[in-house]
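**Student:** My questions concern the predicted model and sequence given below.
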Amino acid sequence: MTDFGPDLTRKAALALAGRRLAEAPVDAGPGDARFLLLHALGLSQTQLLLDGGRPIGDAGASRLSGMIERRLAGEPVARIIGVWEFWGLPFALSPDTLVPRPDTETLVEAALARCPERTRPLRILDLGTGSGCILIALLTECPAAFGVGIDRSHRALVTASANACANAVAERCAFAAASWCDALAGSFDLVVANPPYIATGVIAGLSIEVRCHDPLLALDGGEDGLDAYRGILTAMTRQGILAPGGSLHLEIGYDQAGAVSELAGACGFQEITVRVDLAGNDRVVSLAMARMQSGRVPEVD
Ligand SMILES: C[S@@+](CC[C@H](N)C(=O)[O-])C[C@H]1O[C@@H](n2cnc3c(N)ncnc32)[C@H](O)[C@@H]1O
């Protein structure tokens, strides 16, 4: 049990929360205690700084205590507070959506790098949209663009739609439940995907925060982690999803650049480039479509 009394000052409660988390076996980040305290007490960082000597009170003590207990049990901060920031925008979460990762901002950067004219009426497709974070970030950067977000999870799409409203892009996007490109006709200028890419056998060894709190559908990439790439790349070429001059950007695991590039090459893609994330790991494979010479559409086994 944690011992947050109502008479503890905000500053003392922060210090105590930090100590509790540091002593626990969970992999708590340096900002976790602060995030939880601010959220439990409904404070901004400035209010905490300016008025750190005020007692947290009964309701604050009870809320903070509950949140620290949940964090000690391995629940990530983002799940506890129910909202997380991506690309400087707020995204509500649900049990059916992945917590947006900072690494995924590399995918947004890669896609934007291919759009020098951001004011064009681009058509954007986001496969495996989850919370909608990638699509919504792109729509905020491309004011005349229209986007479609696809996910196999209906419940994730409910959250994505709410996030589109909250971030004022709802009139410029639509969401549909489907497996990758199965329900799609037409072509897009920009296609992005952060598909599940963890090999099935690796999942049991992931941290409790991921293994027990991120949806399995968002993680499991099949036996070698590459199932989703095979499905997406084959569908892209078979269905002509990329408009002429369009580009496809795939988030990858740190060790998947070679395998995904090979699959893409076998599917007739060209201009294969790999972008690293802030930690220097390979994170995004960007592709443009080769012109098909014979009408024969390659498939990947
Ligand atoms: C790694 S998560 C990415 C979520 C979000 N785009 C992000 O970057 O935070 C992968 C997403 O793909 C979805 N998904 C898994 N299999 C799918 C399929 N066959 N067709 C469409 N979406 C799928 C999952 O439900 C999940 O939302």
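**Tutor:** Alright, I've got the coordinates.
**Student:** For my notes, confirm Leu250 occurs in a strand.
**Tutor:** Yes: counting by DSSP: H, G, I helix; E, B strand; the rest coil, Leu250 is located in a strand.
**Student:** Would you mind measuring from the closest residue to it other than its chain neighbours to Leu98?
**Tutor:** Closest residue to Leu250 apart from its sequence neighbours, by CB to CB, 6 or more residues apart in numbering: Val285 at 4.9 Å. For glycine as for every other residue, the C-beta is placed from the backbone atoms N, C-alpha and C. Between Val285 and Leu98 the distance, using CB to CB, to the nearest Å, works out to 19 Å.
**Student:** higher neighbour count, the two?
**Tutor:** A direct count of neighbours by other CB atoms under 10 Å for Val285 and Leu98 places Val285 higher, at 26 against 23.
**Student:** Just want the phi and psi numbers for that one.
**Tutor:** The phi/psi pair for Val285 (degrees, to the nearest 10) reads phi -110, psi 120.
**Student:** How about the secondary structure of the spatially most central residue of the chain?
**Tutor:** For the chain, the residue nearest the mean C-alpha position is Pro100 (3.0 Å; CA atoms, centre = their mean). Under three-state DSSP, the three-state class of Pro100 is coil.
**Student:** pLDDT wise, what is it at?
**Tutor:** Looking at Pro100, its pLDDT stands at 98.
**Student:** thinking it is in contact with Gly132, fair?
**Tutor:** No: at 9.4 Å, Pro100 does not count as touching Gly132 under the criterion of CB atoms under 8 Å.
**Student:** Tell me the residues that contact both of the two, please.
**Tutor:** Applying CB atoms under 8 Å, 6 or more residues apart in numbering, one finds that Pro100 and Gly132 are jointly contacted by Phe91.
**Student:** Any regions of the stretch 1-150 of the chain where pLDDT drops low?
**Tutor:** 1-2 (pLDDT under 70).
**Student:** Quick one: the strands in it, in order.
**Tutor:** Remark: strands assigned in the stretch 1-150 of the chain by DSSP state E, counting those that start in this stretch are 83-86, 89-92, 123-127, 146-151.
**Student:** so which of the ones you listed comes closest to the ligand?
**Tutor:** Among the strands of the stretch 1-150 of the chain, the nearest to the ligand by CB to the nearest ligand atom is strand 146-151 (4.5 Å).
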